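**Student:** A structural model of the following input is requested.
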Amino acid sequence: MAMTQHWTSSNFFRISMVLLVAIVFGMSFGLADDPTSSDESETYKPKTKAELRRILLPMQYKVTQQEGTEPAFRNAYWNNKEDGSYLCVVCDLPLFSSETKFDSGTGWPSFYAPIKDTSVGTKRDWKMLYPRTEVHCERCNAHLGHVFSDGPAPTGLRYCMNSASLNFKSSDESSSDKSEPKTPESK
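**Tutor:** Okay, here's the model as predicted:
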């Protein structure tokens, strides 16, 4: 006599649990495909405050870790006209392109858009007794500057960044990929 298996709620529950465990296991160990994940974020290991104090210049640490601001017109990139990319000084995530950089007259490097919307995050800042929108690196949370709604087309935004929070990688460096990004002290 042949045995037939009946689909009972108990069998369905067991199979569902096995599938759920397989999915969770696969995601936990990087076996499942996640189209939103990037190789850059998977390889990034956050540095401790002690490591950051050792590797960053005092102004870079003040700006990125203590939400400081560098002096206007006395910083590395406010007047930089080279083609290339601006990377986070803490984690090297590409943040802005020279293609979106413009002269805002403020004395800080200004951009009308990040390289990717997912490269930067924002939060409300009340430090000046009126609300501003603080901009930070989405990967390492380093403070970068502020964004204002007085920028040029097409976005109408002005990402006013601190040079101390950025490293610049020229297009020539990007194509050869053999040299390190220029830091404010190497310019």
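
**Student:** Identify the bridge partners of Pro102.
**Tutor:** Careful, residue 102 is Phe; it's not Pro. Ser110 (DSSP bridges).

**Student:** unless I'm mixing things up, it is touching Ser110, no?
**Tutor:** Yes - contact criterion Cβ atoms under 8 Å: Phe102 and Ser110 qualify, at 5.8 Å. From N, CA and C alone the C-beta is placed, and that goes for glycine too.

**Student:** Cys140 versus Thr64, what's the distance?
**Tutor:** Per Cβ to Cβ, to the nearest Å, Thr64 is found 8 Å from Cys140.

**Student:** Pick out whichever of those two has more residues nearby.
**Tutor:** Thr64 (26 against 18; other Cβ atoms under 10 Å).

**Student:** thought that one was touching Glu70?
**Tutor:** No - assessed by Cβ under 8 Å, Thr64 is found out of contact with Glu70, at 10.8 Å.

**Student:** which residues are common contacts for those two?
**Tutor:** Ala164 (Cβ atoms under 8 Å, 6 or more residues apart in numbering).

**Student:** Please enumerate the helices of this structure.
**Tutor:** Ranges of helices within the chain are 9-28, 39-43, 49-55, 58-66, 171-176, based on DSSP state H.

**Student:** And these, which one averages the lowest pLDDT?
**Tutor:** Across the helices of the chain, helix 9-28 has the smallest mean pLDDT, namely a mean of 49.

**Student:** returning to what we had before: which neighbours do Thr64 and Cys140 share?
**Tutor:** Val90.

**Student:** OK, contacts around Pro152?
**Tutor:** By Cβ under 8 Å, 6+ apart, the neighbours of Pro152 are 102, 112, 158.

**Student:** and Phe102 and Ser110? which has more neighbours close in?
**Tutor:** Using other Cβ under 10 Å as the criterion, Phe102 and Ser110 rank with Ser110 on top: 24 against 12.

**Student:** how far away is that one from Gln66?
**Tutor:** 22 Å.

**Student:** And for Asn162?
**Tutor:** Distance from Asn162 to Gln66, by Cβ to Cβ: 12 Å.

**Student:** Mind listing the shared neighbours of the two?
**Tutor:** Residues touching both Asn162 and Gln66 by Cβ under 8 Å, 6+ apart: His143.

**Student:** okay, these two: which has more neighbours?
**Tutor:** Per other Cβ under 10 Å, whichever of Asn162 and Gln66 has more neighbours is Asn162, with 29 against 8.

**Student:** I figured the more buried one was touching His146, is that so?
**Tutor:** No - using Cβ under 8 Å, Asn162 makes no contact with His146, being 9.5 Å away.

**Student:** where does the chain have low pLDDT?
**Tutor:** The model of the chain has pLDDT under 70 over residues 1-42, 174-187.
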